[in-house]
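**Student:** Pasting the sequence and the predicted model now:
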Amino acid sequence: ISTIVESGEKSGKLDLLLEHLVSYLKMRNDLNKKIKNAALLPLITLFFSFLLIIGVFVGVIPQFESLFQSSQKSLPVSTQYLFKMSAFLVSYKILWIFLAIVIGIFFLKILMRNKKIYLWKDKFVLSLYGIGKIVLLFNIICFVKTFSVLLCSGVPLKQAIKQSGFVIKNLFLQQHVLQLADMIEKGESLEKALINIGTKYIPENFSAVVAVGEKSGNLGDMIGQASEFFNEELFSHVHSVTTIFQPILLVGVGIIVGFIMLIGYLMSVNNDTVKNISVVDKTGYFTNSLNNSDDLNFHFINDFDLEEAKLISKTKADYGLLFIPYYDDLNQIADSIMFISEDAPSIGIISRIEGKIERLLTNKNFENIGLDIEKINKSKININLYQESFEGEETTKMDGIIKIAFGMILGMLLYIFIFAYGSMIM
């Protein structure tokens with residue numbers, strides 16, 4: 001600014017140059033605001049997406065974990081990892097992650113003091129898809145507008161390039177632009193210097209504008225007009241990036257949440273289709289006692305050994321094969337029973353089969369020690385706890401599930417509203 005004022009006083013065009021300066025400062029301020037506003041919607045969407053995922057891990061998955069643990073059955077490895085991650089997020093151990101992030105940021109700032117590392121970082125930013133072009137155009141606009149004002153104020157070409165180059169915040173791009181001054185000092189024209197640098201970091205159409213300006217002797221005004229074109233290109237690119245980013249983000253979050261819920265819930269879901277299960281009962285204890293149900297159909301093939309039964313069950317496309325070997329000890333039988341299937345079976349189905357076998361083996365054990373099974377069954381008392389809040393309102397077991405479902409629906413509606421409103425204001 002001091003250079004522009006000094007040049008204006010010497011040339012007697014201070015009022016005109018101050019108008020150029022005010023226009024440039026206003027343009028730069030508006031440019032910053034528009035880019036920040038364009039980035040605001042994706043950032044808000046990303047923030048709520050993060051909250052949604054954390055909410056699933058902290059509020060929803062623990063509910064399924066308690067359900068699975070109550071069955072006391074082994075879980076698939078993927079589900080176990082999911083529960084471990086959920087337990088980690090709700091524990092104080094998560095504080096170590098935040099501490100590590102803070103320490104990492106601190107050391108990153110120290111590393112950025114090294115010029116080579118800072119230069120590599122700026123070069124990497126320019127190579128990023130979408131973001132790189134936004135950074136490039138923003139810096140070029142600041143350079144071009146400053147360059148135009150300095151030329152109009154009578155600053156020599158070489159000096160104007162150097163002073164305008166320091167406006168560029170990206171160090172890697174700044175070094176390329178400052179090379180123009182060295183080339184001009186060697187006697188090259190600005191157009192030729194731009195061509196020698198290449199169009200990777202200097203837009204090709206800028207070289208054409210410079211060529212016209214140098215031939216017409218009106219370089220400052222021509223470059224000033226070029227900045228308006230770059231403004232429009234920048235806003236168009238920002239709009240394109242945010243438009244592409246929004247649906248990708250929505251789909252990505254939906255896939256993540258869906259995958260989380262699928263791992264945690266699918267293993268316990270039992271659909272209405274009838275599942276055919278072949279049974280090889282070498283004990284004879286279950287042949288007439290393992291009864292069918294609406295969705296489980298047991299078919300006994302006791303005359304075959306294990307390998308033959310596997311082939312028969314696979315050929316029939318059964319849900320699985322239940323193999324019960326014979327031992328004198330009932331506990332040894334319980335520890336040796338196998339369920340063989342093509343895919344991982346539903347944990348709900350496995351729990352029901354185990355429950356049936358457990359009851360039958362328990363009854364057999366009662367018979368062996370001389371207890372009356374009928375009297376034992378009659379002596380059983382079923383418990384159904386009555387639930388009530390401290391205010392005296394009756395509650396049910398479904399209340400917790402309803403709250404979870406309502407919270408997720410409300411969260412998704414809020415998420416959709418933010419996206420729809422953001423799309424309208426964009």
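**Tutor:** Sure, I can see it. Model, not experiment: these values are computed from the prediction.

**Student:** For the longest strand seen in the chain, list the C-alpha coordinates in CSV.
**Tutor:** Taking DSSP state E as the criterion, the chain has its longest strand at strand 275-281. The C-alpha coordinates for strand 275-281 follow below in CSV (Å, rounded to 0.1, in the frame of the first residue of the first chain):
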residue,chain,number,x,y,z
LYS,A,275,-34.6,-73.1,7.6
ASN,A,276,-33.9,-76.8,6.9
ILE,A,277,-31.3,-78.4,9.2
SER,A,278,-30.0,-81.9,8.7
VAL,A,279,-29.2,-83.7,12.0
VAL,A,280,-26.9,-86.7,12.7
ASP,A,281,-27.8,-87.9,16.2
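
**Student:** and for it, what are the contacting residues?
**Tutor:** Identification of contacts with strand 275-281 by C-beta atoms under 8 Å, 6 or more residues apart in numbering yields 286-287, 290, 295-302, 304-306, 309, 312-313, 316, 318-324, 349, 353. Quick note: C-beta positions are derived from backbone N, CA and C, even for glycine.

**Student:** Name the next helix or strand following it along the chain.
**Tutor:** strand 296-300 (DSSP states H and E).

**Student:** quick revisit: drop anything exposed from the contacts of strand 275-281.
**Tutor:** Neighbour-count burial (16 or more other C-beta atoms under 10 Å) applied to the contacts of strand 275-281 gives 286, 290, 296, 298, 309, 312-313, 318-324, 349, 353.

**Student:** In its sheet, which strands sit next to the longest strand of the chain, and in what direction?
**Tutor:** strand 296-300 (parallel), strand 320-324 (parallel) (DSSP bridges).

**Student:** which residues are contacting the host helix or strand of Ser207?
**Tutor:** Using DSSP H and E, Ser207 sits within helix 204-216. Applying C-beta under 8 Å, 6+ apart, the external contacts of helix 204-216 come out as 140, 144, 189-191, 194-195, 199, 219-223, 225-226, 229-230.

**Student:** C-terminal to that helix, what's the next element?
**Tutor:** Using DSSP H and E, the helix or strand that follows helix 204-216 towards the C-terminus is helix 219-266.

**Student:** angle of that following helix against helix 204-216?
**Tutor:** In terms of direction (axes from the mean of the first three to the mean of the last three C-alpha atoms, to 10 degrees), helix 219-266 departs from helix 204-216 by 170 degrees.

**Student:** per-residue confidence for the residue lying farthest from the centre of the chain?
**Tutor:** Here the chain reaches farthest from its C-alpha mean at Gly370, the gap being 61.5 Å by C-alpha atoms, centre = their mean. The model reports Gly370 with a pLDDT of 81.

**Student:** quick check, it in a helix?
**Tutor:** No. Read with DSSP: H, G, I helix; E, B strand; the rest coil, Gly370 is coil and lies in no helix.

**Student:** backbone phi and psi for it, please?
**Tutor:** phi 90, psi 20 (degrees, to the nearest 10).

**Student:** ok, now how distant is it from Asn377?
**Tutor:** Using C-beta to C-beta, to the nearest Å, Gly370 is found at 16 Å from Asn377.

**Student:** With Ile357 instead?
**Tutor:** Counting by C-beta to C-beta, the gap from Ile357 to Asn377 is 17 Å.

**Student:** Neighbour count: those two, which is higher?
**Tutor:** Remark: of Ile357 and Asn377, Ile357 carries more neighbours, 20 against 11, as counted by other C-beta atoms under 10 Å.

**Student:** With distance to Asn32 and mean pLDDT added, can I get the strands paired with strand 275-281 in CSV?
**Tutor:** Listed next are the strands paired with strand 275-281 as CSV, based on distance: least, C-beta to C-beta, whole Å; pLDDT from 0 to 100:
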stretch, distance to Asn32, mean pLDDT
strand 296-300, 66, 89
strand 320-324, 64, 91
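
**Student:** would you turn the ones you listed into JSON lines with distance to Tyr92?
**Tutor:** Putting the strands paired with strand 275-281 into JSON lines (distance: least, C-beta to C-beta, whole Å) gives the following:
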{"stretch": "strand 296-300", "distance to Tyr92": "44"}
{"stretch": "strand 320-324", "distance to Tyr92": "42"}
